[in-house]
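Asks: only geometry, no sequence info:
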């Protein structure tokens with residue numbers, strides 16, 4: 001039973017890795033893709049990973065954004081869209097909540113001096 005749950009979590013993580021760029025990705029869509037109710041999916045995901053679906057998706061998107069911010073040439077709005085945020089404002093809020101600075105400031109700072117989310 002444990003290995004079956006582990007396999008489902010691997011499949012969910014693979015799904016998230018493919019779909020995180022879609023700003024329409026949400027708990028309902030993922031739950032449906034895995035034939036679960038939203039409530040069951042939420043508790044299953046939290047039980048198996050130790051984090052909520054929303055936290056996991058945000059962390060995934062922000063990790064990709066960090067990589068993109070270290071390479072100049074893309075606007076903050078472009079990065080926000082390419083990692084699945086519907087707006088630059090939503091992306092900036094999530095980024096500041098996670099890293100303590102807005103994306104523009106992060107880009108201009110030595111990234112090694114800013115604490116990253118490590119989960």
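Replies: Cool, got the structure. Quantities reported herein were computed from a predicted structural model and do not represent experimental measurements.
Asks: just for this protein, where's the confidence low?
Replies: Low-confidence segments of the chain, defined by pLDDT under 70: 1, 72, 110-119.
Asks: if we go to 50?
Replies: Where the chain drops to pLDDT under 50, the residues are 113-114, 116-119.
Asks: which parts of this structure are helices?
Replies: Per DSSP state H, the chain carries helices over the ranges 2-19, 27-33, 38-49, 53-69, 76-82, 88-99, 103-107.
Asks: what's the fourth one packed up against?
Replies: Packed against helix 53-69, as judged by 3 or more C-beta pairs under 8 Å, 6 or more residues apart in numbering; DSSP states H and E, are the following elements: helix 2-19, helix 27-33, helix 38-49, helix 76-82, helix 88-99, helix 103-107. Just so you know, the C-beta spots here come from the backbone N, C-alpha and C atoms, and that holds for glycine as well.
Asks: turn those helices into JSON lines, including distance to residue 65.
Replies: Output for those, formatted as JSON lines (distance: least, C-beta to C-beta, whole Å):
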{"stretch": "helix 2-19", "distance to residue 65": "15"}
{"stretch": "helix 27-33", "distance to residue 65": "20"}
{"stretch": "helix 38-49", "distance to residue 65": "21"}
{"stretch": "helix 76-82", "distance to residue 65": "6"}
{"stretch": "helix 88-99", "distance to residue 65": "7"}
{"stretch": "helix 103-107", "distance to residue 65": "7"}
